[in-house]
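Participant: Starting from these lines, generate the structure:
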Amino acid sequence: MSSATDSIIRQIKETVDIVSLIGQYLQVHRMGNRFKALCPFHDDKNPSLDINPQRQSYKCWSCGAGGDCIEFVRQYERVEFPEAIRILADRSGISLDQMKAQTDGPKGPAKSDVYRVLSWAAAYYKEALVDHPEAVEYAHGRGLTDPFIEQFGLGYSPADSSKFKREARTLGFTEEQLEASGILANSEGRTFDRFHDRLIFPIHDFSGRVVGFGGRILPAREQALAEQGRRTGKYINSPETSVFQKRKLVYAGDLSRTAAREAKQVVVMEGYTDVMAAHQSGLSNVVGTLGTALGSEHIPVLRQLSDKVVLVFDGDEAGQKAAERSLEIFLGQPVDLTLVALPDGMDPCDFLNQFGAEEFRKLIERSVDPLQFAIDRAESRFDLQNTEQARQAAEWVMSIFARVPRQSGSGLEMKVAMALDRLAFRLRIPTAYLQREWNRQTRESNKRDQRRTVTEIQEPVPVVVRPDPLERELVELLLNHPEMVGEVMPRVLASELRHPTLRMITQAIYDTFRSGELPEFDRVVDRLESAEQSYAAGLLQGIDTGPLREGVVPAEGRDRLTGILSKFARRSMQDHIAELRRALADVDQIEDPETHQALQLEIRRLLAHGLPALGSAFSPIR
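Facilitator: A predicted model of the protein is given here:
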């Protein structure tokens, strides 16, 4: 541990009074020269937490928990040691800059400056909301009332970014700080507020600080852009910054912490307005994901709130598939998981507005464990009265369990043993057969993992490749015009893209289309890893959705597609000729004259044919 870290820990211990600290979390009673409280680390009925102000320590004589102020925050907040230090330093006004200076972290504006920018921006957006009744009307249309719009700090980012930038400069904020905070986007040397013309949802960390924003384009504006051939993401979030990592945050986590601990469960939804509607209905233990599919990185965040997690999914097919994907993540973790599927076509906000909080509570009470959820899904997909289909259903259910990563302490083997018994009963299949099938699927899964590990070890360190403008334009077009994907797929293979991230995004677009879904941005991004998600989001977020300058007419998607396809055709032809020339150079004319002559003739034929003209409908040679 560095001397800077030692110094900060010393300052924290000298500054923080443990009685006052614990009093911020628990009801503390004085008893002589000591203080007592109900221990939060076990089901305490009689106050057994002893707080010693002389030693600045605490001790529970029932469960054994104890330590200093840092250990209390670490245990109570369920965070690692460095995060506990940060929490206490922030509360005590102790700067961590000295400690950060000794690390190899990325250069740029200090986090304290980023927090100041974000706090000011949240206030700016909130004030601007008053002047945009159409944004307030949208929130009201979702059933949200003014007190909760105020509580959650909703705002609006005007279409014209110039005033925002001007006021920021007046307050001394630099463009570097505004970009580092994730607010300003840079397009061809021109900076603008990436959230412009959107309803703003401030995102806070568990300490209540603004760390980023979510922006929702209003339906009327979305329709107007679509009519101009300019698609944009319905929701956008802040990009990854020094204070915003969306897979390590949840929406309303700061507002839900106390209620989640009291309820001994946390309920997870997807949308911002869903979470707000739940809180407005008195369901305060509800949080939301930030426009990304649930991942393993969310689990430590959720466990800060509770070890029991209830996942709520929309009732449509996309929601059901998202639920299936979540099983692979949560089953291998020490989390008590249950799931709720809403009626088809409804999201949580719709359900709460139509049926009320009491009916929603009943849904939560009827939430099912992962195995029951998987069996219910199997019953909807297979005819269990048919012996062959019952067997297929069993294999499908076990395939989900077989893909779960093995982790010590997760209790997976116990879950599997119980699952096999219940499957045998529900599907009327002998347990011995299910055990053999489980062993087979587990072996295959282990082999895949081993092959993947070997591949990862053998792969060289990737070199950062600057994206080809042509490839970037293709992916941007596909994300903005998903209706054109079917036409592009047979003409441009994903493997033809040279940039690895663009290649992965293109493959995800094609896979979504093949699954029978329209490859819209939100569906595509769920198939990507975190790094690719951020890149894909940038392709949409970088599009200026503000008013077009006078005299500017947007290029039609069809015209852009024709130009892109012809350029890919030319590039494909050039690559093919270059490949033939390399092959020709490797062939000895004396030892293999026939192959040498055949390659020469093919090169001449292609050159005589000529490269396809730009804008032609030529299909590249495969």
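
Participant: ok, and the closest non-adjacent residue to Thr258?
Facilitator: Nearest non-adjacent residue to Thr258, counting by C-beta to C-beta, 6 or more residues apart in numbering: Ser284, 7.9 Å away. All C-beta spots, glycine's among them, are computed from the backbone N, C-alpha and C.

Participant: so for the helix or strand containing Ala277, what's the average pLDDT?
Facilitator: Using DSSP states H and E, Ala277 maps to helix 272-280. Across helix 272-280, pLDDT averages out at 95.

Participant: So which other helices or strands are in contact with the helix or strand following that helix?
Facilitator: Scanning forward in sequence from helix 272-280 by DSSP H and E, the next helix or strand is strand 286-288. In terms of contacts (3 or more C-beta pairs under 8 Å, 6 or more residues apart in numbering; DSSP states H and E), strand 286-288 is packed against helix 253-263, strand 266-269, helix 272-280.

Participant: neighbouring contacts of strand 286-288?
Facilitator: 250-253, 256, 260, 266-272, 274-275, 278-279, 302, 305 (C-beta atoms under 8 Å, 6 or more residues apart in numbering).

Participant: Stretch 155-162 now?
Facilitator: With contacts defined as C-beta under 8 Å, 6+ apart, stretch 155-162 is touched by 122, 124-129, 131-132, 135, 164, 191-193, 195-200, 202, 215, 546-547.

Participant: Just the buried positions in that stretch, please.
Facilitator: Residues of stretch 155-162 classed as buried: 155-159, 161 (neighbour count, 16 or more other C-beta atoms under 10 Å).

Participant: Could you look up the SS state of Arg426?
Facilitator: At Arg426 the chain is in helix, as set by DSSP: H, G, I helix; E, B strand; the rest coil.

Participant: For it, which residues are in contact?
Facilitator: Counting by C-beta under 8 Å, 6+ apart, Arg426 makes contact with 375, 384.

Participant: Any figure for the gap between it and Ala180?
Facilitator: 54 Å (C-beta to C-beta, to the nearest Å).

Participant: What of Leu302?
Facilitator: As judged by C-beta to C-beta, Leu302 and Ala180 stand 28 Å apart.

Participant: now Arg325
Facilitator: Separation of Arg325 from Ala180 (C-beta to C-beta) stands at 33 Å.

Participant: So for those two, which residue has more residues nearby?
Facilitator: Ranked by neighbour count (other C-beta atoms under 10 Å), Arg325 and Ala180 place Ala180 first, with 21 against 15.

Participant: Find the residue closest to that one in space, skipping its chain neighbours.
Facilitator: Pro109 (4.5 Å).

Participant: How about Leu352?
Facilitator: In space, Leu352 is closest to Ala277, 4.7 Å off (C-beta to C-beta, 6+ apart).

Participant: try Ile217
Facilitator: Counting by C-beta to C-beta, 6+ apart, the nearest residue to Ile217 once its immediate chain neighbours are dropped is Arg198, at 5.3 Å.

Participant: Let me see the contact set for Ser207.
Facilitator: Neighbouring residues of Ser207 by C-beta under 8 Å, 6+ apart: 87, 90, 254.

Participant: do you know how far the second one is from Leu290?
Facilitator: To tie it back to what came earlier, the one meant is Asp90. As defined by C-beta to C-beta, Asp90 lies at a distance of 22 Å from Leu290.

Participant: more neighbours, these two?
Facilitator: The residue with more neighbours, out of Asp90 and Leu290, is Leu290; 23 against 16, by other C-beta under 10 Å.

Participant: Which residue, other than its chain neighbours, is closest to the more buried one?
Facilitator: Lys246 (4.2 Å).

Participant: Per-residue pLDDT of the one you found, please?
Facilitator: For Lys246, the pLDDT comes out at 84.

Participant: thinking again about what came up before, tell me how many other residues crowd the residue nearest to Ile217.
Facilitator: When neighbours are counted by other C-beta under 10 Å, Arg198 registers 28.

Participant: quick one, what contacts it?
Facilitator: When contacts are counted by C-beta under 8 Å, 6+ apart, Arg198 is found next to 156-157, 215-218, 236.

Participant: Quick check: beta-bridge partners of it?
Facilitator: Beta-bridge pairing for Arg198 (DSSP bridges): Ser157, Ile217.

Participant: what separates it from Asp526, distance-wise?
Facilitator: Applying C-beta to C-beta, the value for Arg198 to Asp526 is 21 Å.

Participant: same question, Ala65
Facilitator: Computed with C-beta to C-beta, the distance linking Ala65 and Asp526 is 40 Å.

Participant: Over to Arg436?
Facilitator: For Arg436, the distance to Asp526 - C-beta to C-beta - is 34 Å.

Participant: higher neighbour count, those two?
Facilitator: Neighbours were counted for Arg436 and for Asp526 using other C-beta under 10 Å; Asp526 has more, 17 against 11.

Participant: for the closest residue to that one other than its chain neighbours, what are its contacts?
Facilitator: Sequence neighbours aside, Ala293 is the residue nearest to Asp526 in space, at 4.4 Å (criterion: C-beta to C-beta, 6+ apart). With contact set as C-beta under 8 Å, 6+ apart, Ala293 has these partners: 322, 325-326, 525-526.
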